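**Q** Could you work out the structure for the sequence below:
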Amino acid sequence: MSKNFVEMVISAPFILVKGFLMGLIEGSEVQPLYFFSKRTGIRTETLSGAFKEWLGFENIVHLCVEEKFSKRLGKGIEHTYEKLGMEVKSVQHIESAGFDFKAHFFKKDEADTFQAYLNALPKGVYLDGFKEDEYQDKDHDGEAGAYAPAHAYEYSANGRVVGEFSGVVKVFLKYKDDILVETDPVELNFAAS
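**A** Below is the predicted model:
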């Protein structure tokens, strides 16, 4: 059974929210799955919100956390408002998530590993608009790296990874720092209120 997640928008400095969350987790002996949106690569901002934050008018933290634990976290923030000044601005149920990607490989074994991973995506996660292209030059001599003028092998793919939130984030985190896979930020789809 997949876990339900919410996005909590909390008005407070990041370090305070992180410390509060770590303390609450340590004290409750529960290990919820959570992601700080900016640190993970989850899109959060509207243009006006980004501008306010950049100018220092707002300290806003976007936290995606298991719904069950979010209730405990929200109550803790509410009970400590007088001392810490943190406030939950909003809580939205995450229905699904997705991100676009482009991949380009020059070695068959690397492309095979990438294809194998895409063929075994986490439960509830699938590809949308997936296109791939493979080219092999039979007359080319030897292997060449990514910066060579000609390649014996080229594989490219693009599409969108969509589905259950935590599974999509798992795939995103696997490839976000891979120099051969370009990923856009994760976009959240919220349940209708």
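**Q** Domains in this protein, by residue range?
**A** Taking automatic domain parsing as the domain assignment, the ranges for the chain are 5-95, 96-190.
**Q** Now render these as TSV, adding mean pLDDT and mean neighbour count.
**A** The C-beta positions use only the backbone N, C-alpha and C, and glycine is treated the same way. Formatted as TSV, the domains of the chain follow (pLDDT from 0 to 100; neighbours: other CB atoms under 10 Å):
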stretch	mean pLDDT	mean neighbour count
domain 5-95	89	16
domain 96-190	90	15
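**Q** Break down this structure into its strands, ranges please.
**A** 5-11, 34-36, 60-66, 87-105, 125-136, 153-163, 181-183, 187-190 (DSSP state E).
**Q** Out of all residues in this structure, which is the farthest from the middle?
**A** residue 139 (41.2 Å; CA atoms, centre = their mean).
**Q** if I look at that residue, how far off is residue 133?
**A** 19 Å (CB to CB, to the nearest Å).
**Q** what residue lies at the spatial centre of the chain?
**A** Central residue of the chain (CA atoms, centre = their mean): residue 169, at 4.0 Å.
**Q** doesn't residue 37 make contact with it?
**A** No. With contacts counted by CB atoms under 8 Å, residue 169 stays clear of residue 37, the gap being 10.2 Å.
**Q** Find the residues that touch each one of those two.
**A** residue 64 (CB atoms under 8 Å, 6 or more residues apart in numbering).
**Q** show me the contacts for residue 59.
**A** Counting by CB under 8 Å, 6+ apart, residue 59 has contacts 11, 12, 13, 14, 53.
**Q** hmm, back to that, I'd like the distance between the residue nearest to the centre of the chain and residue 41.
**A** 9 Å.
**Q** Give me the common contacts of those two.
**A** residue 186.
**Q** Regarding the chain, what is its longest helix?
**A** For the chain, the helix with the greatest residue count under DSSP state H is helix 14-28.
**Q** what's the angle from that helix to strand 60-66?
**A** 30 degrees (axes from the mean of the first three to the mean of the last three CA atoms, to 10 degrees).
**Q** which strands and helices sit next to helix 14-28?
**A** strand 34-36, strand 60-66, helix 67-79 (3 or more CB pairs under 8 Å, 6 or more residues apart in numbering; DSSP states H and E).
**Q** chain center to the first one, what's the gap?
**A** Distance, stretch centre to chain centre, for strand 34-36: 9 Å (CA atoms, centre = their mean, to the nearest Å).
**Q** For that strand, which helices and strands make contact with it?
**A** helix 14-28, strand 60-66.
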